[in-house]
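Q: Predicted coordinates and the sequence they were generated for:
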Amino acid sequence: MTGGTWSKASGDGSVSGHIYTAPDTTGSAHLIYAYCEGQICASAELSITIVKTLTSLSISPNTINVTTGGTYELSGITATAHYSDSTAAAVTGGTWSKTSGDGSVSGHIYTAPDTTGSAHLIYAYCEGQICASAELSITTIVKTLSSLSLNPNTINVTTGGTYELSGITATAHYSDSTAVTVTGGTWSKTSGEGSVSGHIYTAPDTTETAYLRYIYCEGQTCASAELSITIDKPTITWQTDFDTAQQLSSSSGKKILIDFCASWCGWCAIMDQETYSNSSIIQLINDSFIPLRLDDSVPANSTYYTQYNITGLPACVILNSSDFSEVTRFVGYRDAATFSTELQGVNN
């Protein structure tokens, strides 16, 4: 039979004629259907349960770029389910499939083709019999060289010395935000003194600054980075701790050269300026000895002044590397030529 009327007895939602509209939240409602014949009426109750249902799906991001021949981990994309009660929640467990374009999908991995182009994937998610889906747009781009960096990008080279530039790490940076160590570039000098031959930089005999450029190319695309070089005057690598000098002597087999000096000693200062600053003396001492400087202004050094009976300055004492016994000593000022001859005699 027909002709009755519907009304809401309790709960949420609304009734208009024969249409019940549920609220945006879960809950329940009770409706009454009333039917009359003449003055006699009867009614029946309808119980309604308002449930939350899946209405749509969205993904973030919904557009990506993948380099040619590369892969993309689709599990990094966030899928959000939207429900009939206006709530939303991140979800997993859906499936990916390709709807158009090139490349392939296997599980959560998209593999791009070797050519540029585009593709469209669908992510489908179901709850019971209700499913929703969202589309991912993929642009396949060519990975291109964008910039170059050097590590280190500043170095120090002594006057007249050389530097092996192949020891510097060049890193290529690409349009897809990846980076890789590269070789095969070329070095050239942009300013300053010195010269470059292949991977060798040769410093001038004077102190100053030079700049080199490393250029690396992939096909027609090139990138470059600058290396700053400070050209320093060479110095003797003096140790100031006796124990450290002994350890270095034992491990290297080099004799210890002890320079006993003092700030008040005029001849010590002259020997510093004229002899110990001579490039040939610097190289000879650095290459053949463990240089140790013991200044009398350091209280801890007084023990060694007594131990080696130092009564006049400047004084130079040579110790053996095996038992640290005294080999010889030179007392008083020495010019570079005289000192060089004496030191070479010690090692012969």
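A: That came in fine, so what should we check first?
Q: Dump stretch 191-200 to PDB, restricted to CA.
A: Extracted C-alpha coordinates of stretch 191-200, given in PDB (Å, rounded to 0.1, in the frame of the first residue of the first chain):
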ATOM      1  CA  SER A 191      94.700  34.200 -13.000                       C
ATOM      2  CA  GLY A 192      97.800  34.500 -10.900                       C
ATOM      3  CA  GLU A 193     101.300  32.900 -11.400                       C
ATOM      4  CA  GLY A 194     102.500  29.400 -11.800                       C
ATOM      5  CA  SER A 195     101.600  26.900 -14.500                       C
ATOM      6  CA  VAL A 196      99.400  23.900 -15.200                       C
ATOM      7  CA  SER A 197     100.400  20.900 -17.200                       C
ATOM      8  CA  GLY A 198      97.700  18.200 -17.200                       C
ATOM      9  CA  HIS A 199      97.000  17.500 -13.500                       C
ATOM     10  CA  ILE A 200     100.200  19.100 -12.200                       C
END
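Q: buried stuff in that stretch?
A: Within stretch 191-200, the residues scored as buried using 16 or more other Cβ atoms under 10 Å are 192, 193, 194, 196, 199. Every C-beta, even on glycine, is put in place using the N, C-alpha and C of the backbone.
Q: what does stretch 331-345 give?
A: 333, 334, 336, 339, 340, 343.
Q: quick one on the thing from earlier: just send the buried residues of stretch 191-200 back as CSV, with secondary structure too.
A: As requested, the buried residues of stretch 191-200 are exported to CSV (DSSP: H, G, I helix; E, B strand; the rest coil):
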residue, secondary structure
192, coil
193, coil
194, coil
196, strand
199, coil
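Q: just those residues now: which is nearest residue 226?
A: Of all those, residue 226 sits closest to residue 192, with 11.5 Å by Cβ to Cβ.
Q: isn't the closest one right next to residue 207, touching?
A: No: the pair residue 192 / residue 207 is not scored as a contact, 11.2 Å apart, by Cβ atoms under 8 Å.
Q: just to revisit the earlier point, dump the buried residues of stretch 191-200 into CSV; add distance to residue 214 as well.
A: CSV is the format used below for the buried residues of stretch 191-200 (distance: Cβ to Cβ, whole Å):
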residue, distance to residue 214
192, 15
193, 19
194, 15
196, 10
199, 10
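Q: Nearest to residue 20 among those residues?
A: For those, the nearest to residue 20 is residue 199 (83.1 Å; Cβ to Cβ).
Q: Just read off the phi/psi values of that closest one.
A: When read as degrees, to the nearest 10, the backbone of residue 199 gives phi -110, psi 20.
Q: got it, and residue 336?
A: phi -60, psi -40.
Q: excluding its backbone neighbours, what's nearest the residue nearest the centre of the chain?
A: Closest residue to the average C-alpha location of the chain: residue 179 at 9.5 Å, with Cα atoms, centre = their mean. The spatially closest residue to residue 179, leaving aside those adjacent along the chain, is residue 173, at 4.8 Å (Cβ to Cβ, 6 or more residues apart in numbering).
Q: quick one, what contacts the one you found?
A: 145, 146, 147, 148, 149, 179, 223 (Cβ atoms under 8 Å, 6 or more residues apart in numbering).
Q: Looks to me like the second one is in a strand.
A: Spelled out, that is residue 146. Yes: counting by three-state DSSP, residue 146 is part of a strand.
Q: how close does it get to residue 262?
A: Note on residue 146: its distance to residue 262, by Cβ to Cβ, to the nearest Å, is 59 Å.
Q: Mind listing the shared neighbours of residue 192 and residue 207?
A: Shared contacts of residue 192 and residue 207, counting by Cβ under 8 Å, 6+ apart, come down to residue 231.
Q: avg pLDDT for the helix or strand harbouring residue 258?
A: Assigned by DSSP states H and E, residue 258 belongs to strand 255-261. In this model, strand 255-261 carries a mean pLDDT of 97.
Q: Direction included, what does it pair against?
A: strand 289-295 (parallel), strand 315-319 (antiparallel) (DSSP bridges).
Q: quick one: which of those is nearest residue 98?
A: Per Cβ to Cβ, nearest to residue 98 of those: strand 289-295, 69.3 Å.
Q: The following helix or strand past that closest one - contacts with which helices or strands?
A: Heading C-terminal from strand 289-295, the first helix or strand you meet, by DSSP H and E, is helix 302-307. Here helix 302-307 touches strand 255-261, going by 3 or more Cβ pairs under 8 Å, 6 or more residues apart in numbering; DSSP states H and E.
Q: just how off-centre is the strand it packs on within its chain?
A: Distance of strand 255-261 from its chain centroid, counting by Cα atoms, centre = their mean, to the nearest Å, is 43 Å.
Q: and if you look at stretch 173-191?
A: 15 Å.
Q: about what we covered before: mind checking the SS state of the residue nearest to residue 179?
A: Once three-state DSSP is applied, residue 173 turns out strand.
Q: Report the beta-bridge partners for it.
A: residue 147, residue 179.
Q: Secondary structure of residue 340: a strand, I assume?
A: No: secondary structure of residue 340 (three-state DSSP): helix, not part of a strand.
Q: In this structure it contacts residue 283, no?
A: No: look at residue 340 against residue 283 with Cβ under 8 Å: they stay out of range, at 10.1 Å.
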